[in-house]
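Participant: Okay, predicted coordinates and the sequence, questions at the end:
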Amino acid sequence: MALNPLTIRKLKRFRSIKRGYYSFVLLMLLIVVSLFGEMFVNNRPLIVSYEGKWYFPTYGANLTGETFDLDYTYEADYRDLREKFQTEDRGNWMLMPPVPFDPNENNTFEGVFKPAPPSWMGGPQGHWLGTDTTGRDIFARLFYGFRIAIFFSLAFMALTYLIGIAVGCLMGYYGGIFDLIVQRLIEVWSNIPFLYIVIILFSVIPSTFSIPARIGMLLVVMVLFSWTSMTYYMRTATYREKARDYTAAAVVLGAGPTRIIFNHILPNTISTVVTFMPFTIVSAITAITALDFLGFGLPPPTPSMGELLKQGTQTLTTAPWIVSSAFAALVFILILVTFIGEAVREAFDPKKFTTYQ
Amino acid sequence: MQTLKNFRPALGLLCGATLIFLSGCGKKETVETTSSTKTADEAQAFYDEHPEFFHTKTVADIPTDLKWDNGSDLPDLGSPDAQKGGTVNYWIQDFPRTLRIVGPDSNGSFRPWILDDNVMTYASRHPNVTSLTEDGFQYYPGLAKEWALDRANKTVYIRINPEARWSDGEPITTEDVFFNFFFYRSSYIKAPWYNNFYSTKYLGVTRFDDYTFALHFPELRPDIYSLSLGTTPAPAHFYTELGDDFPERYQWKFAPTTGPYTVSEKDVDKGRSITLRRNKDWWAKDNRYYRNRFNPDRVRLVVIRDNAKAFEAFRKGDIDFFNLRLAEDWYDKLPDTAEEVAKGYIQKIKFYNDIPRPTYGLWMNESRPLVDNRDIRAGIQYALNWELVITKFSRGDWGRMQTSSDGYGDFTHPTLKSRTFSIDKALDRFARAGFTKRGPDGILVNDQGERLSVQLTTGYEHYKDVLTILQEEAIKAGLDIRIEILDRTASWKKVQEKKHDMAFVAFNVGPEMFPRYWETNHSANAYDQAFLEDGSVNPDRKVKVQTNNLQIFADYEFDQIIDAYDRSDDLEEMKQMAYQMEELMYKDASFAPGFVIPFMRHGAWNWLKVPDDGNVKIATAFEEYRMFWVDQDLKKATKAARKSGESFEPAVRVFDQYKLD
């Protein structure tokens, strides 16, 4: 794909801003790793070699206990199985992922379900960040919580921008009475308190919907109430670009409104959009975390940072590692995204030598 | 007569919460009307209109052969060491919506402070002597000086103590007894439950003089005393402006009470705190059963919205006691090694009570797919690992619930046990229902490819962990449980609309003599016209909503037993019927008994003293019987000791004299 020389220059500029660039690389890495999360954080082994046969339980159907000649038909308990392999010493072995815990798996600590401190603070082995109130591994929950949150916010961003940009450009391009009416509609719409709507909706949505469907509905609701802010920027930007000669030229050449808006005007206004993107992601992550914290977000036992924060505030004195892990993870991700955002803004700024204090 | 907690509609609190929720934005202004004068005349007209209900006779008409009882042979209550005075600080989660004791919003969590735990009834069931006599439970006197039961005429005679006074000093007379029926049957109070209750449970009332009256009943139930002695009159001299604006007019007026604590206007700091003040000249302050209770001069209730915050306030000493209900509260948040406990500033009290247990369990809706199959219901029960919850989550403190009526003493089935976790038995039951193969995710599927997946609805956010443990374990038996945790109000609404597959709900029951089955198991609460005349299933029946039959359980034979049970006046016969009904419920498997919490446990600052036996046998809350008192010298000493670092004898006290094995 041939890129516009201007764009290439902006990308180069972005690469030269080290803090933002490395944050970007790190975040991308995290996203890619989380895509294949089941291979890194899971209570299923990557490979099991049993009686000369190899099994790969990570993806696909459950392997029952019977597969390994155990006397039950539910999914094999690989932790027990591993111990069995070791005591029997018949050449059977398995390779566990680096974090051998499932985010929904309750592990006992000292015989009961209660928070266990991180392994380096004297807690049980393997739980790097300790466990939560029912003994679920915090690292695993944060990891999968991150995956859900980041893809949720990416989808959220894509959808709000799609609607926001389209409506904003149309308003700016057509102007006049259309602009006037849509602006009033947006004002009315954006005065509906979004949080209450989510809370009310989520307390009545039946959970006959699967968890992904519920996440989807949350996404739709949030998008419905968030697309409006983007329209203001796009509307002004379009107004400005519309008055330029190249737009008039396109009109003279006979281009239709769709072509003019999306092929001519949009590429020239995109820098506004791009600089907003990381901040939209930040607000989406914050919003979903806040909703989970309030108990109106994702249904249990979906792993989530907000849910961990909530647990953490209730166990501040007894299990401080819960709140500190969740808080640190959240801050870390938000900082990464913010660094990226600053770098993008700087890279897309035509005035190269402006310094932001 | 305010009916006491024995007649609190099951889950009244939740219903109350619904009202609070809906009326959150109600109007604030008082509506002035003219229709609300002359209440006394209106009441008199009401008595005249209903001569079949309100009778006036003379003392000469009282039968002479009555055996009058005054409960004086029962043991005292409370500790003789109790001191009067001081302030007790405690917390409430929401500021009360009203100071009324009836009508919209009055059934909230504040109600016990001014009504259930505070009022003095004609006589009260002795909370320690719980054995049954031929007349039922044993009562000690309150407003009544003495009482008598006339079995042949299904009538209870009551003689009010002439010294009895309302908290504003007015004497309590039979005028207030009559007025009580007018009041609670009137439409002004906007309380249909009471309207219905007072119209159907009583046949009439007779007044003999200012202090003697009789209540007549349509049937003689073994718990007839709780409907008669366990009630109070209503202050006729106070409600003089009844009208359709009753809820607004009396919203913040504290009605004179028969109990020791009152609320005056200056003690209400709206939204922040409310203080109850002890009436030092209470007429009954020397009554044997009351003199050692209700000790603090003031009970200050502060609004704290968050449980964790309230706990911190407790540890600071801002509130005097705190409910350490969950294992993590008792063992982790306030361990015996915590500084305040080790130094003896805070005492930890665990008290085993003996009361009917709230029914924590799963109610399966037989009108929904999958759970309409008895084999699946039984399979689900086998797939629920309550044992793991009890041993690993409650750390062995809870017990397993065996029937829907645990804790009723002789009325609890002696041998019936609930199903215990067994993957093999669960798989066997599911296989009988056609679920034989496991899908790729380990969940069973039938030949049509349908997954064995049911939804579990609850409003109990604090038991979320219990449910996720059950969910994880059920997967082993091939069962997928989808947990739905809703807001309390929303969840209760959903369950009342019978839209749930399974509901995790507990019915809170007062310390009643025998379990109720009509509410939860009668077909009248499951369908409109469940059966045709001949007992066969009505093909056109429709599910009935807004009742407590959450299983939509309808069984013709069962109905007959309930009807006989509800009419019976023979305790032995009723017991046998209760056992039989529990066995049928077990067979039907629509109620999966969960766990019982056989104790209350609290942390309390050491200046809050409790009697040597801790509490009473049937206490459901630390404060319910107000046995405690404030040792003000010790309070000063403790405060000084906290500064100087001095310590006292640590106190972790377990009262297990009422513990059942």
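Facilitator: Structure's in. What do you need? Numbering: from 1, shown residues only, chains lettered A, B, ... in the order given.

Participant: Which residue ranges of the stretch 151-300 of chain B form helices?
Facilitator: B:174-185, B:192-200, B:224-228, B:246-249 (DSSP state H, counting those that start in this stretch).

Participant: Please name every helix or strand in contact with the first one.
Facilitator: Meaning helix B:174-185. Packed against helix B:174-185 by the contact rule (3 or more Cβ pairs under 8 Å, 6 or more residues apart in numbering or on different chains; DSSP states H and E) you find helix B:39-49, helix B:192-200, strand B:204-207, strand B:212-216. Any C-beta I mention is one placed from the backbone N, CA and C, and that applies to glycine too.

Participant: distance between the second one and the chain's centre?
Facilitator: This points to helix B:192-200. Relative to the centre of its chain, helix B:192-200 is centred 18 Å away, using Cα atoms, centre = their mean, to the nearest Å.

Participant: how about it: buried residues?
Facilitator: For helix B:192-200, the neighbour count (16 or more other Cβ atoms under 10 Å in any protein chain shown) marks B:193-194, B:197-198 as buried.

Participant: Same question for the first one.
Facilitator: Within helix B:39-49, the residues that qualify as buried are B:39-40, B:42-43, B:46-47, counting by 16+ other Cβ under 10 Å.

Participant: what distance separates it from the centre of its chain?
Facilitator: Worked out by Cα atoms, centre = their mean, helix B:39-49 lies 33 Å from the chain centre.

Participant: Just the CA coordinates for that helix, please, in CSV.
Facilitator: The C-alpha coordinates for helix B:39-49 follow below in CSV (Å, rounded to 0.1, in the frame of the first residue of the first chain):
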residue,chain,number,x,y,z
THR,B,39,-61.8,10.2,62.9
ALA,B,40,-63.4,9.2,66.2
ASP,B,41,-66.9,9.6,64.7
GLU,B,42,-65.9,7.7,61.7
ALA,B,43,-64.6,4.9,63.8
GLN,B,44,-67.8,4.8,65.9
ALA,B,45,-69.8,4.7,62.7
PHE,B,46,-67.6,1.8,61.6
TYR,B,47,-68.3,-0.1,64.8
ASP,B,48,-72.0,0.5,64.4
GLU,B,49,-72.0,-0.6,60.8
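
Participant: What residues does the stretch 251-357 of chain A have near chain B?
Facilitator: By Cβ under 8 Å from any Cβ of the partner chain, the residues of the stretch 251-357 of chain A that approach chain B are A:295, A:299-301, A:313-319.

Participant: If we use 6 Å, what do you get?
Facilitator: Within the stretch 251-357 of chain A, the positions near chain B by Cβ under 6 Å from any Cβ of the partner chain are A:300-301, A:314, A:318.

Participant: List the ones among those that fall in helices.
Facilitator: Mapping those onto helices (DSSP state H) picks out A:Gln314.

Participant: Which ones among the residues of the stretch 251-357 of chain A next to chain B lie within strands?
Facilitator: Under the assignment DSSP state E, these contribute nothing to strands.

Participant: which of the residues of the stretch 251-357 of chain A next to chain B has the most neighbours?
Facilitator: Of all these, A:Pro301 has the most neighbours under the rule other Cβ atoms under 10 Å in any protein chain shown, reaching 23 neighbours.

Participant: which ones are touching that one?
Facilitator: A:104, B:468 (Cβ atoms under 6 Å, 6 or more residues apart in numbering or on different chains).

Participant: Check B:Leu301 too.
Facilitator: B:Leu301 makes contact with B:90, B:92, B:274 under the criterion Cβ under 6 Å, 6+ apart.

Participant: shouldn't the first one be in contact with B:Ile319?
Facilitator: So the one you mean is B:Tyr90. Yes - taking Cβ atoms under 6 Å as the definition, B:Tyr90 is a contact partner of B:Ile319 at 5.5 Å.

Participant: And these two? Which one has more around it.
Facilitator: Using other Cβ under 10 Å as the criterion, B:Tyr90 and B:Ile319 rank with B:Ile319 on top: 22 against 18.

Participant: Could you report the neighbour count for B:Pro414?
Facilitator: Per other Cβ under 10 Å, the neighbour tally for B:Pro414 reads 8.

Participant: Check the gap between the residue in the stretch 51-200 of chain B that chain A sits nearest to and B:Ile304 for me.
Facilitator: Proximity of the stretch 51-200 of chain B to chain A (Cβ to the nearest Cβ) peaks at B:Gln93, 14.8 Å away. Distance from B:Gln93 to B:Ile304, counting by Cβ to Cβ, to the nearest Å: 7 Å.

Participant: Great, nothing more from me.
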